[in-house]
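**Student:** No sequence on hand, only this structure:
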């Protein structure tokens, strides 16, 4: 099982969510985060002094998937989220040791 | 037939007696009726004046709560929002009690040139009867409650200078002492019977201050500067930027201030007639021009007009027009507002940064400087056509300000400004020193970092998570 963490532009959230549902992803966690890669922030003024706001709002989607679904999910996410400009985001993959369904103690892929 | 005839005759006789009786009551004499009518006219005027004054009192209270509370509250960081709002709210409670017990008397009872007497302590003698020296058409009690709202907002303004780092207990003690030592003498000198600077009641240096440019704004603004310098900068200032946690809240507060200010300035006419209208109009025009002035200056300087700049500008204009409101015309008001907007913008952006003091919410930059601009420009633009305040022994109206040809009034204005500044500096320094020695003024560093809402009040302003622990 693999955990996908996709950090994307907030405006692309609906499209990415729909794309994942379409390929059969059944569960995900969505967080509103702030961050930046190479994309610069912006400057604001307060009482005449300029200061830079480095971190920008992003959306992070986390989902744990069976390994056979991972490449389909990556394709779905990138197609939905790509604009070609800096700031599109990143996807990270990590190995998951186990998954447990709280309702009935199911373990492994059937818990996903 | 005989019976009917007798009955009819009796009826006619009774009718005749009735009408003659009605006409025999003597009519009231002409002088009595005129006096009666005059009393009714005076009562009608009193009712109109009193109604307006009660509304004005409510408007001025609204300026403190929630006007100032929101304006200042939005400008601080989220962790200090309640602490900042409590600075204003505590004044609504504490100053009210103080006023009823002593300070109304110290401000407005007969005393000497500098302070009032004790004849009105515990509000003795303050009832439905008017006090002719102040206003012949409203109860003294109305005058008292109206003036109370000024006494409430003045110390609340100072809190802008020490926001985010002052102990609540120290603030409360400081404000009580400040009300007695700085506000009461200044209010008495400018507005009280026998006051040194009173332009209506024959003061030695008549300072034209319609609604409190010197009494409210210069005293609080200068005291704010003293506090900011004495307490020192917030941790992280000026390197860490501390933008407002909610410009939206400040925006609402500023608009409430603008509307409430009509009570502050137009109510200072102490009557509901054309002078109130004139002050109302001048107030509004100055606010508008100042908002444009500040926003315009910002647009030129930074490339964008900010919402915070626009609302700060309008407040600066309202401050500046305060002493002038009952003496100047609308065109002068536009000019005063524009000057205040631009100068206060320069003050809080360039001058403050260069001098390096931490006046967190620009109490000095807007109120101290705006009040001084207004007080001095009153000496320029005051017109006898708007308000014939100076008369000679024969009752001939004399010029008010420079545009009337009275080139000396500006010096009187300067005296008023200097008195306010000196009183504020000396009084505030003494009180700060005393309170610092007794209980300490500033919260310790860890508390300043944690946020005053938690350690001073045990609360958080917002609970966005809902019921989550």
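**Tutor:** Cool, got the structure. Bear in mind that the values here come from a model prediction, so they are computed numbers and not experimental data. Residues are numbered from 1 along each chain as shown, chains lettered A, B, ... in the order given.
**Student:** Buried residues, whichever helix in chain A runs longest. List them.
**Tutor:** When chain A is parsed with DSSP state H, its longest helix is helix A:70-81. For helix A:70-81, the neighbour count (16 or more other Cβ atoms under 10 Å in any protein chain shown) marks A:70, A:73, A:76, A:77, A:78, A:80, A:81 as buried. Placement of C-beta: from N, CA and C, glycine included.
**Student:** Quick check: residue B:135 touching residue B:143?
**Tutor:** Yes: contact status for residue B:135 versus residue B:143: in contact at 5.9 Å, counting by Cβ atoms under 8 Å.
**Student:** what's the overlap in contacts for those two?
**Tutor:** Counting by Cβ atoms under 8 Å, 6 or more residues apart in numbering or on different chains, the shared contacts of residue B:135 and residue B:143 are residue B:270.
**Student:** Mind picking out the helix or strand in chain A with the poorest mean pLDDT?
**Tutor:** Using mean pLDDT, DSSP states H and E, strand A:49-53 stands out as the lowest-scoring helix or strand of chain A, at a mean of 78.
**Student:** who touches residue 56 in this structure?
**Tutor:** In the absence of a named chain, chain A is used. A:34, A:35, A:36, A:39, A:41, A:42, A:87.
**Student:** right idea, wrong chain: chain B
**Tutor:** Listed by Cβ under 8 Å, 6+ apart, the contact set of residue B:56 reads B:146, B:262, B:263, B:264, B:266, B:267.
**Student:** from those residues, which is closest to chain A?
**Tutor:** Relative to chain A, the closest of those is residue B:264; by Cβ to the nearest Cβ it sits at 25.3 Å.
**Student:** Kindly state the pLDDT recorded for the closest residue to chain B within chain A?
**Tutor:** Nearest residue of chain A to chain B: residue A:48, at 2.6 Å (Cβ to the nearest Cβ). On the pLDDT scale, residue A:48 is placed at 71.
**Student:** close enough to count as contact, it and residue B:301?
**Tutor:** Yes: look at residue A:48 against residue B:301 with Cβ under 8 Å: they come within range, at 7.4 Å.
**Student:** mind listing the helices in chain A by residue range?
**Tutor:** So, for chain A - with DSSP H - the helices run A:13-22, A:70-81.
**Student:** gap between the residue sitting nearest the centre point of chain A and residue A:38?
**Tutor:** Centroid-nearest residue in chain A: residue A:6, 2.4 Å away (criterion: Cα atoms, centre = their mean). From residue A:6 across to residue A:38, the span is 17 Å (Cβ to Cβ, to the nearest Å).
**Student:** Residue B:433 too?
**Tutor:** Taking Cβ to Cβ, one finds residue B:433 at 54 Å from residue A:38.
**Student:** Quick check on these two: which one has the bigger neighbour count.
**Tutor:** Between residue B:433 and residue A:38, counted using other Cβ atoms under 10 Å in any protein chain shown, residue B:433 has the larger neighbour count: 12 against 6.
**Student:** tell me which element that one falls in.
**Tutor:** Taking DSSP states H and E as the definition, residue B:433 sits inside helix B:409-438.
**Student:** buried sites along that helix?
**Tutor:** B:409-410, B:412-417, B:419-421, B:423-425, B:427-428, B:431-432, B:435.
**Student:** Stretch A:98-110 now?
**Tutor:** Neighbour count says stretch A:98-110 has residue A:99 buried, by 16+ other Cβ under 10 Å.
**Student:** Over to stretch B:115-130?
**Tutor:** In stretch B:115-130, counting by 16+ other Cβ under 10 Å, buried: B:115, B:116, B:117, B:120, B:121, B:126, B:130.
**Student:** Report how many residues lie close to residue A:87.
**Tutor:** 14.
**Student:** Not counting its neighbours along the chain, what's nearest it?
**Tutor:** residue A:39 (3.9 Å; Cβ to Cβ, 6 or more residues apart in numbering or on different chains).
**Student:** Got the phi and psi for the one you found?
**Tutor:** For residue A:39, the backbone dihedrals (degrees, to the nearest 10) come out as phi -70, psi 130.
**Student:** Next: residue A:40.
**Tutor:** Torsion angles, degrees, to the nearest 10, at residue A:40: phi -80, psi 160.
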